[in-house]
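[1] Predicted coordinates and the sequence they were generated for:
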Amino acid sequence: MSEISEKFAKLKSSTSRLRNTTAAERTARIQALWEATVDRKDDLIKAAHHERGTHDLDMAAELVMLKSEVDFFKKNLAKWMKPEKIKNSLATMGKKCEIRRQSKGVVLNMAAYNAPTAESFVPMLAAVAAGNAVAIKPSELAPESAQIIQEIVNKAFPTDEAEVFQGGVDVAKELLKQPFDHIYYTGGTAVGKIVMKAAADNLTSITLEMGGKNPVIIDETAKLENAATKLAWGRVMNAGQVCIAPDYAIVHESVKDEFQNLISEKIQEQYNSEQTGLDKSNYVPRIINERHTKRIKALLDDAVKKGATIVSGGTVNLKDCYVEPTILTDVTEDMNIMQEEVFGPILCVVGYQNREDVLKHIAPRTNSLALYIYSTNDSNIEYFLNNTSSGSAVVNNNCIQSGTNPRLPFGGIGASGMGRIGGYEGFRSMSNERSVVHQPLDKFRDFLIQLPPYSDRYAGLIMKGVKK
Ligand code: NAD
């Protein structure tokens, strides 16, 4: 037995005990996780700074997102755990119908590198709230954070309730062989497919939180300066390493030049206010490693070679893992940058003439994780919402739909993912929603009209049900 399967067996052994824990016991664990996290706040901030050059307040804001989930679970869990009474139908008349949300067993949470703490702990909260044991596999690309995450979990949970498995692909593969009861995965689409195939071998349910190219539509009626201000922030935040970041903007030709100039100015205003250069700014983070910096540079070089124009930015320093916030225009479909999620601080811009063209631009990349619309025309807003598909959408803003309101479920569709996280939806996705019917045994309610040989009364009832 490998060390991983031994630890998995230990987690599995707690299934029935954890399934029967009370809301108070589960919220105590949630609180312990939060307190252990706060105890290591300074270390987490330092780690994010070393790994991605993250500003202290940006890392603290990640913890605030976590706190809002913690508070929401603490406030609502007892209510959510109660069996939900269900109205009767004609066929269940006289019986008592309910839904019981029970734990699934052991949940594996595989996280990405771009927000290691939130990606480890937000799904963990949902899993713990639903009464599961949890295994976390943080990203090996953020090892300092992973180490602290492990120490936090070890402090807040006994090892038969939660374990952290550090390591790379080998550890992930070994974990995926274990018969988990639910797998929650955050990461790229290519690995998402590997996870889904592995889950199929054990018929394990999955939540996939993936990425993709999130479009921004800016029509001719948009408040341009307002849009440019918000998009400068949304694209440069975490150096573009945000799953819901705006990836490319489809801008009405009549306002395209003005928009490109405005967003270039706004990037300077927000990220270079002291005019020491964007590369010296405390607000511009770094790409996670040289390999990813090279990947982004290759996308940029390919686009320029094929005719794209750099409006602003464009510098890359591989050794420093620095990609200058960049506005890239005249981008076309044959460029690699339109085929791949950028996951870096580069906003691609394409022009459009009429709103039907917007749908043509989006068509090769339907089902994005997010979609943003900047417009003051209600008919255009409805048209774009009704004729596109994405996990979430925001009108006249960006990146405000995740981590801000635990009542808004978060997740993707198709290539950007499946399943939802956040508040009650997270709790539900980590629960087995078990329908339970109680049959009273008194003679008025315990009748068996459906037994053969069929009576005329039963035949009448059934045949009545198949009339138009
Ligand atoms: P990734 O797919 O490279 O890695 C994610 C996890 O999978 C890591 O824990 C890694 O160790 C593991 N992994 C890597 N290769 C594997 C393999 N061959 N077999 C098994 N496991 C393997 O993702 P990443 O580069 O760390 O993260 C970036 C991606 O994550 C982007 O596409 C981004 O959009 C997406 N993301 C999505 C969300 C969301 O909530 N939808 C949030 C953050 C990031």
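    Cool, the structure landed.

[2] what does this structure have sitting close to the ligand?
    With CB under 6 Å from any ligand atom as the criterion, the chain comes near the ligand at residues 110-114, 137, 139-141, 168-169, 172-173, 186-188, 191, 194, 209-211, 243, 341, 343, 369, 412, 417. (C-beta placed from N, C-alpha, C; glycine too.)

[3] what's the offset of the lengthiest helix in the chain from the middle of its chain?
    Taking DSSP state H as the criterion, the chain has its longest helix at helix 56-81. Taking CA atoms, centre = their mean, to the nearest Å, one finds the center of helix 56-81 at 15 Å from the center of the full chain.

[4] elements contacting that helix?
    Using 3 or more CB pairs under 8 Å, 6 or more residues apart in numbering; DSSP states H and E as the contact test, the elements touching helix 56-81 are helix 23-39, helix 41-52, helix 116-129, helix 423-429.

[5] buried residues in the following helix or strand past it?
    Following helix 56-81 in sequence order, the next helix or strand is strand 84-86 (DSSP states H and E). By neighbour count on 16 or more other CB atoms under 10 Å, the buried set for strand 84-86 is empty.

[6] Okay, now the sheet partners of strand 84-86, with direction.
    Counting by DSSP bridges, the strands paired with strand 84-86 are strand 96-103 (antiparallel).

[7] Next, the angle from the strand it pairs with to helix 56-81.
    Counting by axes from the mean of the first three to the mean of the last three CA atoms, to 10 degrees, strand 96-103 points 150 degrees away from the direction of helix 56-81.

[8] mind listing what the one residue in the stretch 51-200 of the chain that gets nearest to the ligand touches?
    Nearest residue of the stretch 51-200 of the chain to the ligand: Gly187, at 2.7 Å (CB to the nearest ligand atom). Applying CB atoms under 8 Å, 6 or more residues apart in numbering to Gly187 gives the contacts Met110, Ala111, Ala112, Ser139, Val195, Glu209, Met210.

[9] Now the first one. Its backbone dihedrals?
    Spelled out, that is Met110. In terms of degrees, to the nearest 10, the main-chain angles of Met110 are phi -100, psi 120.

[10] Return the residues in contact with Val284.
    By CB under 8 Å, 6+ apart, the contact set of Val284 is Gly53, Val236, Ala239, Tyr271, Leu278, Tyr322, Pro325, Pro345.

[11] Mind doing that once more with 10 Å?
    Going by CB atoms under 10 Å, 6 or more residues apart in numbering, Val284 touches 53, 55, 236-237, 239, 267, 270-272, 277-278, 322-325, 345.

[12] what about the residue in the stretch 101-250 of the chain that the ligand sits nearest to, neighbour count?
    Minimum separation of the stretch 101-250 of the chain from the ligand (CB to the nearest ligand atom) falls at Gly211, amounting to 1.9 Å. Gly211 sits with 28 neighbouring residues when counted by other CB atoms under 10 Å.

[13] ok, it - contacts?
    By CB under 10 Å, 6+ apart, the residues touching Gly211 are 112, 114, 186-189, 192, 241-245, 247, 341-343, 368-370, 412, 415-417.

[14] partners of the helix or strand harbouring Ala370, with directions?
    Assessed by DSSP H and E, Ala370 sits inside strand 368-374. Strand 368-374 has the following strand partners under DSSP bridges: strand 215-218 (parallel), strand 390-395 (parallel).

[15] Okay, Gly234 and Gln270: tell me how far apart.
    Computed with CB to CB, to the nearest Å, the distance linking Gly234 and Gln270 is 11 Å.

[16] Comparing those two, which residue is more hemmed in?
    A count of neighbours by other CB under 10 Å puts Gly234 above the other of Gly234 and Gln270, at 23 against 17.

[17] Is it correct that that one is in contact with Tyr372?
    Yes - using CB atoms under 10 Å, Gly234 makes contact with Tyr372 at a distance of 7.9 Å.
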